[in-house]
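Chemist: Got a predicted structure here, sequence first:
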Amino acid sequence: MAKGLDCAIPLTASNAKVLAGAGFLFAARYLVPERLSWKRLNRSEAEAITAAGMQIVSVYETSVNRPAGGAAHGMSDGMAALREAVLIGQPQGSAIYFAVDYDAGTQDYEAIAQYLRAAAAQLAGYRTGVYGSYAVIEEMARRKTCSHFWQTYAWSRGKLSQHANIHQYQNDTNVAGVKLDLNESFGNEGWWSTKAVGQPALPPVPQEGGMKMNTRDADAIIRLLAASYELTTDKQARTEIHRLADEVRKAAGITIR
């Protein structure tokens, strides 16, 4: 079991070091578009978290009930999450969680499942996770929509899913002057660091949610990657973009000339 935190405000090198010294082994932070820069994880923060000795858990959330929008929102958010992951150099094989940050009911489950499957279809090379209540975790695990599960105690009515890789058990606490939520993890978290080496090999075709990469989806992702390439001058990020584009082509069976 590992002790962790999640927070909306970016961490600095100094407070990351203090938090690591307090026993935190991982920090969950947000992959979000630039318009939400106040909570957005960037490369320098990721390096500071890693340098302090903590792992990083990536989560995507722009609004609390966005997954209720179904596949259309999932496709858009999956592409946005992929762009952010590439820009900060998140290694393939790690996970990106998508937040269902409200008390979703049975009437929302089909839309949430469609959202997660559509998001997963965009994340060539990355694993997909979901954050939500006990009921959401149980239902999404039953439907096999993703491979990683982060449960919040909120709306869970005292239950903890056996599928949970991470459990958020307390909100709105303060440690070393940082407002954060407390978590514990049980393995297979999908976390990562900027010093990661020897990442596990991925299957050539993404399997999450039963989705396969087709040429149309591959072309859309490659166009997004090309746009991301033009938006950054970071050498490492550009190298990662090239590598990811090649993986997308391979996944779709497109010949690389």
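Modeler: Received the coordinates, thanks.
Chemist: Going by C-alpha atoms from here, please, whenever you check contacts or count neighbours.
Modeler: Will do.
Chemist: ok, now which ones touch the closest residue in space to Lys179 that isn't next to it in sequence?
Modeler: Counting by CA to CA, 6 or more residues apart in numbering, Thr173 is the residue found nearest to Lys179 once chain neighbours are left out, at 5.8 Å. Contact analysis of Thr173 by CA atoms under 8 Å, 6 or more residues apart in numbering lists Lys179, Leu180, Asp181, Leu182.
Chemist: mind checking pLDDT for the last one?
Modeler: Model confidence at Leu182, expressed as pLDDT, equals 98.
Chemist: just checking, it touches Val175?
Modeler: No. Applying CA atoms under 8 Å, one finds Leu182 not in contact with Val175, separated by 9.9 Å.
Chemist: neighbour count winner among those two?
Modeler: Leu182 (20 against 14; other CA atoms under 10 Å).
Chemist: The more buried one pairs with what?
Modeler: Counting by DSSP bridges, Leu182 forms beta bridges with Leu5, Gln170.
Chemist: list the contacts for it?
Modeler: Neighbours of Leu182 in contact, by CA under 8 Å, 6+ apart: Lys3, Gly4, Leu5, Asp6, Gln168, Tyr169, Gln170, Asn171, Thr173.
Chemist: Now those in CSV, please, with extra columns for distance to Tyr126.
Modeler: Shown next, in CSV, are the contacts of Leu182 (distance: CA to CA, whole Å):
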residue, distance to Tyr126
Lys3, 24
Gly4, 22
Leu5, 22
Asp6, 20
Gln168, 22
Tyr169, 26
Gln170, 28
Asn171, 28
Thr173, 31
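Chemist: Give me the buried subset of the residues you listed.
Modeler: Neighbour counting by 16 or more other CA atoms under 10 Å classes Lys3, Gly4, Leu5, Asp6, Gln168, Asn171 among the contacts of Leu182 as buried.
Chemist: between those, which is closest to Glu139?
Modeler: Gln168 (18.1 Å; CA to CA).
Chemist: before we move on, which element is that closest one in?
Modeler: strand 166-175 (DSSP states H and E).
Chemist: May I have that strand as PDB, with CA atoms only?
Modeler: C-alpha atoms of strand 166-175 as PDB (Å, rounded to 0.1, in the frame of the first residue of the first chain):
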ATOM      1  CA  ILE A 166      -6.300   3.900  -5.800                       C
ATOM      2  CA  HIS A 167      -8.700   5.100  -3.000                       C
ATOM      3  CA  GLN A 168      -9.300   8.700  -2.200                       C
ATOM      4  CA  TYR A 169     -10.400   8.600   1.400                       C
ATOM      5  CA  GLN A 170     -10.300  12.200   2.600                       C
ATOM      6  CA  ASN A 171     -10.800  15.600   1.000                       C
ATOM      7  CA  ASP A 172      -9.800  19.100   1.800                       C
ATOM      8  CA  THR A 173      -6.900  18.600   4.200                       C
ATOM      9  CA  ASN A 174      -3.700  20.600   4.500                       C
ATOM     10  CA  VAL A 175      -0.200  19.300   4.600                       C
END
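Chemist: quick one: average pLDDT of it?
Modeler: 97.
Chemist: Kindly report the same for stretch 247-257.
Modeler: 70.
Chemist: residues of that stretch that come out buried?
Modeler: Buried-residue list, stretch 247-257, by 16+ other CA under 10 Å: Glu247, Val248, Arg249, Lys250, Ala251, Ala252.
Chemist: Dump these to a markdown table, plus distance to Ser58.
Modeler: Output for these, formatted as a markdown table (distance: CA to CA, whole Å):
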| residue | distance to Ser58 |
| --- | --- |
| Glu247 | 21 |
| Val248 | 21 |
| Arg249 | 25 |
| Lys250 | 25 |
| Ala251 | 23 |
| Ala252 | 26 |
